[in-house]
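Visitor: When you get a sec, could you give me coordinates for this:
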Amino acid sequence: MDQTLLSWLASLASLLILALLIHLWQRPQRWGPQAASAALVLLCLGGFHWIFISLHRYGEMHALIAGAATGLLALYVAAYGLLAGWLIRRYQLGALAIAGLITLLEWLRGEIFTGFPWLNWGYQQIDSPLAGYASAGGVFAVVFVTALCAAWIAQWRALGLIGVAGLHLLGVFLSTLAHTSPTGQEIQVALVQSAVPQQMKFDPQQRAGLEAVQLQMAQDASQTGSALLVLPETAFIEPWAALSTQTRLSLRQISMASGSVIITGLPLQDPDGWRNSAIGLYPSAGLRLDGFEARYDKAHLVPFGEFIPWGFRWFVDLMRMPLGDFSRGLPVQAPMPVADQRIGLNICFEDLFGEELIGPLDPRIPSDRQPTILLNISNLAWFGNTIALPQHLAIARMRSLETGRPSLRATNTGMTAAIDHRGRVIDILEPMAPGILVTRVQGMTGQTPFSRVGNLPVVLLAAALLLLGLRIRSPAKLRS
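Guide: Take a look at the predicted model:
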């Protein structure tokens, strides 16, 4: 079957599942909401099962404890949906109020406790016409129209089904609107997928071998004649100054010989602490070994992986992970120039937070200082060859739709890909194997409505519709 059709069917299935959950929550019989709640918890557990892999296989946490922790996280994520179901049932909310409720709770889940926005209903519509709403209002606009369509489908009335068709047609129209335009010349990039085993990556005895692997892949990538060469997050696990003289010299020689800008992930140590960073090495700097020409510091840190939440030291002590107590980077950082393009970086799961990524696109920042291409570097080897990889790819595609800019992804194990400004994957490597993705990308400039205003309009609309729905409804008396 054609991959495009399969992707569309997956988005349709997600919409129908949400419609079924709403229908079950609205049923007067008690078994309806019980079935919906059980299904939602199982869906979240399946969607998050890769957390168990990181805790047990790589963190060496006991399987029972890792399983319990994964289950508790799934329950926490499901709790927002369970609350939605309870309110839908108790107040017999109408379709608009349901859409507002689900949207508001999805937004809260992405904000509270540093945010857990995985399994967002909007990301699951990335191959649906409803994704066309992303440029107008971001992923939460997609959540809103998805929830509204699901509520109308759950009611199964002619007028509601016409509304579902109308929202899909409007999404198709919105997807044809061009909010951004090409700028400069397209550039060729080489994205390195090292496929370094996670067990090797942080083993001190393997450090020399790790550096050799990365240098060899950088050398191979330099033969492609690309203007930009990208290695993934923590491609090197020592700060620039702590790398061997030979490693630093080799990277500089590769950059000079090929004329390529090299961006690579590594940790950096500053007087006020460690940071998960990316640095830029430019051929014009020659054989400079005492520093680098550009850097990006990760601003949104991973709980437990990059900082330890208060009161959870005991939990971290149950694992064997190279955890770091990292400091945050600035919320808005300058892009890295490459030819006449500007590369806006983010690291690992930072691209789950769309409103944070549009900070450098603030209209108050001159357009010639805004990024024209987005770049994510990641190391998802922690999660094996699981659905975590396509989940992250879908999220990156949503960021391109929201900003009207292409996205590049250089990862250790996948998905390493190039995405155009309309969210379409144009090149991709097979996961879990070493490779170099050579592709061409055209930078874009301009503002989408979302990059101008962020999430606020959609969140306010959702809250207003929910409050209105609660005001006009009294608690329903339901049969058991």
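Visitor: Name the SS class of the closest residue to Arg452 other than its chain neighbours, please.
Guide: Closest residue to Arg452 apart from its sequence neighbours, by Cβ to Cβ, 6 or more residues apart in numbering: Pro363 at 5.9 Å. Every residue, glycine included, has its C-beta placed from N, CA and C. Classification of Pro363 by DSSP: H, G, I helix; E, B strand; the rest coil places it in coil.
Visitor: Could you report the neighbour count for Pro363?
Guide: When counting by other Cβ atoms under 10 Å, one arrives at 11 neighbours for Pro363.
Visitor: got it, and the one 4 residues further on?
Guide: As a burial measure, Ser367 scores 12 neighbours (other Cβ under 10 Å).
Visitor: Please look at it and Thr445 and confirm they touch.
Guide: Yes: if you go by Cβ atoms under 8 Å, Ser367 and Thr445 touch, sitting 5.7 Å apart.
Visitor: Just the strands from this protein, written as ranges.
Guide: With DSSP state E, the ranges of strands along the chain come out as 180-182, 187-193, 228-230, 261-270, 273-281, 294-297, 336-338, 341-347, 373-378, 407-411, 417-419, 425-428, 435-441, 444-446.
Visitor: So which of the ones you listed is nearest Ser11?
Guide: Of all these, it is strand 425-428 that lies closest to Ser11, at 14.7 Å by Cβ to Cβ.
Visitor: can you dump the C-alpha coordinates of the closest one into PDB?
Guide: Written as PDB, here are the backbone C-alpha positions of strand 425-428 (Å, rounded to 0.1, in the frame of the first residue of the first chain):
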ATOM      1  CA  VAL A 425       9.700  14.500   4.500                       C
ATOM      2  CA  ILE A 426      11.900  14.900   1.500                       C
ATOM      3  CA  ASP A 427      14.900  12.700   2.500                       C
ATOM      4  CA  ILE A 428      15.400  10.200   5.300                       C
END
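Visitor: so what's the nearest residue to Trp8 once chain neighbours are set aside up against?
Guide: Counting by Cβ to Cβ, 6+ apart, Trp8 lies nearest to Asp127, which is 5.2 Å off, once chain neighbours are set aside. Shown in contact with Asp127 (Cβ atoms under 8 Å, 6 or more residues apart in numbering): 4, 7-8, 10-11.
Visitor: Give me the buried subset of the residues you listed.
Guide: Buried subset of those (neighbour count, 16 or more other Cβ atoms under 10 Å): 7, 10-11.
Visitor: Among these, which one sits closest to Gly384?
Guide: Ala10 (20.9 Å).
Visitor: From Gln125, how far off is that closest one?
Guide: If you measure Ala10 against Gln125 using Cβ to Cβ, to the nearest Å, the figure is 10 Å.
Visitor: Likewise for Pro449?
Guide: For Pro449, the distance to Gln125 - Cβ to Cβ - is 18 Å.
Visitor: Between those two, which has more neighbouring residues?
Guide: Higher neighbour count among Pro449 and Gln125: Gln125, with 29 against 18, using other Cβ under 10 Å.
Visitor: who's in contact with the more buried one?
Guide: Shown in contact with Gln125 (Cβ under 8 Å, 6+ apart): 11, 14-15, 131, 142, 146.
Visitor: mind redoing it with 6 Å?
Guide: 11, 131, 142, 146 (Cβ atoms under 6 Å, 6 or more residues apart in numbering).
Visitor: Closest one of those to Ser327?
Guide: Here the nearest of these to Ser327, counting by Cβ to Cβ, is Val142; it sits at 33.3 Å.
Visitor: what ranges of the stretch 201-350 of the chain fall below the confidence cut-off?
Guide: The stretch 201-350 of the chain contains residues with pLDDT under 70 at 201-203, 305, 311, 313-314, 316-324.
Visitor: pretty sure Val459 is touching Trp107, no?
Guide: Yes: between Val459 and Trp107 there is a contact at 5.4 Å, judged by Cβ atoms under 6 Å.
Visitor: So between the two, which is more surrounded?
Guide: Trp107 (25 against 21).
Visitor: List the contacts of the more buried one.
Guide: Counting by Cβ under 6 Å, 6+ apart, Trp107 makes contact with 140, 459.
Visitor: quick one: it from Asp420, how far?
Guide: Trp107 is 27 Å from Asp420, by Cβ to Cβ.
Visitor: repeat for Gln447
Guide: Here Gln447 is placed at a distance of 18 Å from Asp420 (Cβ to Cβ).
Visitor: again with Glu356
Guide: For Glu356, the distance to Asp420 equals 22 Å [Cβ to Cβ].
Visitor: and what of Ala463?
Guide: Taking Cβ to Cβ as the measure, Ala463 falls 34 Å from Asp420.
Visitor: From the chain's centroid, how far away is stretch 62-76?
Guide: For stretch 62-76, the separation from the chain centroid amounts to 22 Å (computed by Cα atoms, centre = their mean, to the nearest Å).
Visitor: How about residues contacting that stretch?
Guide: For stretch 62-76, contacts defined as Cβ under 6 Å, 6+ apart pick out 44-45, 48, 51-52, 55-56.
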